[in-house]
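Undergrad: build the 3D model from these lines:
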Amino acid sequence: MYEHIVIFKFNAAITPERESELLAKLLAFKGRIPGIVDISAGLNVTEETDNIRGYSLGLRVTFESLEALRAYGPHPVHQDFVQGLGGVLDNVVVVDYPIR
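TA: Coordinates of the predicted model:
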């Protein structure tokens, strides 16, 4: 299995409503994208304010295999989400690793 971690930093154009909408779209990936074993996502509520650096939304997806992780990127449901980030995304951090 593989873990896919994504942390989003939005610009000033994002609204709380838009953030919630994006969160709902992420959570809807399970059942719509093959190979997803588990998924969680949420808005950042950390009290470690020195470490936030503007990142406000986190995503964790567990895939059944490396092949499933690789197929996720070009999947139409994922691509629809990516296209919806236009105009609001400032930066993103991605980490993928095999679960040991």
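Undergrad: buried residues in the lowest-mean-pLDDT helix or strand in the chain?
TA: Counting by mean pLDDT, DSSP states H and E, the chain has its least confident helix or strand at helix 16-27, which shows a mean of 93. Neighbour-count burial for helix 16-27, counted by 16 or more other Cβ atoms under 10 Å, picks out Glu19, Leu22, Leu23, Lys25, Leu26. Every C-beta, even on glycine, is put in place using the N, C-alpha and C of the backbone.
Undergrad: so what's the nearest residue to Leu89 once chain neighbours are set aside up against?
TA: Using Cβ to Cβ, 6 or more residues apart in numbering and skipping residues adjacent in sequence, the residue nearest Leu89 is Phe10, 6.2 Å away. Applying Cβ atoms under 8 Å, 6 or more residues apart in numbering, one finds that Phe10 lies in contact with Glu19, Gly54, Ser56, Leu57, Val88, Leu89, Asp90.
Undergrad: excluding chain neighbours, what is closest to the second one?
TA: By the measure of Cβ to Cβ, 6+ apart, the closest residue to Gly54 outside its immediate chain neighbours is Lys9, 4.7 Å from it.
Undergrad: tally of neighbours for the closest residue to Leu66 other than its chain neighbours?
TA: Distance criterion Cβ to Cβ, 6+ apart; nearest residue to Leu66, sequence neighbours excluded, is Tyr2 at 5.7 Å. Using other Cβ atoms under 10 Å, Tyr2 has 20 other residues around it.
Undergrad: before we move on, what about Ala68?
TA: There are 20 residues near Ala68, going by other Cβ under 10 Å.
Undergrad: confirm for me that it is in contact with Val61.
TA: No - using Cβ atoms under 8 Å, Ala68 is not in contact with Val61, being 9.6 Å away.
Undergrad: what do these two both touch?
TA: Shared contacts of Ala68 and Val61, defined by Cβ under 8 Å, 6+ apart, comprise Ile36.
Undergrad: centre-most residue in the chain?
TA: The centre of the chain sits closest to Leu59, judged by Cα atoms, centre = their mean, with a distance of 3.8 Å.
Undergrad: thank you, goodbye.
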